[in-house]
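1. the following comprises the amino acid sequence and a computationally predicted model.
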Amino acid sequence: MRYSSRLALSLILVIGAACSEDEPGSDAGVLADAGVLADAGFVDSGAADTGVEADAGFDAGEVDSGAPDSGESDAGEVDSGAPDSGAPDAGVDDAGEVDAAAPDSGELDAGPEDAGEVDGGPADTGVAVDAGPADTGVAVDAGPADTGVADAGPAVCDVEVSLPETNAGQVGASGGSPGPNLECPAGAEMVGVAARISDANTSNGGRSAVGLTAVCAALTIDPQLGVTLGTETLPEVAGTGQFGWTPATQSTITRCPDGWLLSGLSASRGTTGNRFLEVNMTCTELLPDGTTTGVPRDFYVMGTLQETGTRDVVACPVGQVVRRIATRIGAGFDAASLLCGAPTCGP
């Protein structure tokens, strides 16, 4: 379609030239243009091959050498512009704070806090932790609390009942008069009782005790060996035996369990209210340090008869045991008052 249009245009130009005025200048100019158009213009080397529209117009300007091809895109902003080599690559923010500033290698890698207190300070290798007295000193490894008297010293308790005394009360009637105290030899304590009972009725209307016996022994508590009782003694307080109180027979000697001491007593006055029979005793257990557990037990004294009537029961205060017994006597044994004290470990 392009070539047909151009041929038609050439023909119009030729015809127009033939019809124009006979002016020498005009003939030669138009014919020269027509020659060019016919020989080298649109047919042989026209616009499709070398014409302005194809080779030098918009086709070569914009694509091959125009500003958009080599100005802004190829070498301006991308290859050599300021944003490619400016502040981000060599400025202070890029290499100052991260690569060479003081916070990167000062405080963490070589500062006093990093290597002073943790790696070589006194708290890490000082005397208080590794070699001080608290680690290897006398108080822990060789002091008295570890190997001294507390661990290997005397642990044996020789029990004694100490002053002051407490009068816990009386068992029996108020006949007769005060007699001697019934008490153990020095170093011994009461671990039981017995009574001598008349073989026949007395002048007070029935059989009655003529005397009361204490069972005494030294008591030792050893944590390793247990309880040890010393030689037993049997002190007695008795009346004169007149008016039927003698002859008399000793009852069974009744003892507390090992490691217990006498802490209470009870007896009947009989139906007449003025005799002493049917005896019971109370014992209290001791701890290894000589103090009491507060646990009592009652024991009947075999051979002291049994009879209804007024009954007296007396016990030492909690934590105490019988130290000695005050008595009342006449022809027979009338009454016993318990004097109590706290047991302890003696020297």
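-> Looks like it came in fine.

2. and residue 226, how many residues sit next to it?
-> Residue 226: 11 surrounding residues under other Cβ atoms under 10 Å. All C-beta spots, glycine's among them, are computed from the backbone N, C-alpha and C.

3. so what does it look like in phi/psi?
-> phi 90, psi -150 (degrees, to the nearest 10).

4. ok, it - contacts?
-> Residue 226 is in contact with 258-259, counting by Cβ atoms under 8 Å, 6 or more residues apart in numbering.

5. try it again with 10 Å
-> 220, 258-259, 288 (Cβ atoms under 10 Å, 6 or more residues apart in numbering).

6. with residue 177 instead?
-> Residues in contact with residue 177, defined by Cβ under 10 Å, 6+ apart, are 327-330, 334.

7. before we move on, the earlier item: determine which two of the contacts of residue 226 are furthest apart.
-> Within these, 258 and 288 form the most distant pair, 13.1 Å apart (Cβ to Cβ).

8. which of the contacts of residue 226 tops the neighbour count?
-> residue 259 (20 neighbours).

9. host element of the nearest residue to that residue once chain neighbours are set aside?
-> Excluding the flanking residues, the one nearest residue 259 by Cβ to Cβ, 6 or more residues apart in numbering is residue 227, at 4.0 Å. In this assignment (DSSP states H and E), residue 227 forms part of strand 226-229.

10. from residue 194, how far out is the nearest residue to residue 346 once chain neighbours are set aside?
-> Once flanking residues are discounted, residue 346 sits nearest to residue 160: 3.9 Å by Cβ to Cβ, 6+ apart. According to Cβ to Cβ, to the nearest Å, residue 160 stands 23 Å off from residue 194.

11. what about the two, which has more around it?
-> Using other Cβ under 10 Å as the criterion, residue 160 and residue 194 rank with residue 194 on top: 25 against 20.

12. quick one: the more buried one and residue 236 touch, right?
-> Yes - counting by Cβ atoms under 10 Å, residue 236 is a contact partner of residue 194 at 8.3 Å.

13. what's the overlap in contacts for the two?
-> With Cβ under 10 Å, 6+ apart as the test, residue 194 and residue 236 both reach 211-214, 250.

14. save those residues as CSV, and put in neighbour count and pLDDT too.
-> Shown next, in CSV, are the shared contacts of residue 194 and residue 236 (neighbours: other Cβ atoms under 10 Å; pLDDT from 0 to 100):
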residue, neighbour count, pLDDT
211, 24, 98
212, 30, 98
213, 23, 98
214, 24, 98
250, 14, 97
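
15. identify the farthest-apart pair in these.
-> 214 and 250 (13.0 Å).

16. can you check which residues contact both of the two?
-> Any residue near both residue 214 and residue 250 by Cβ under 10 Å, 6+ apart counts here, and that gives 194, 234, 236.
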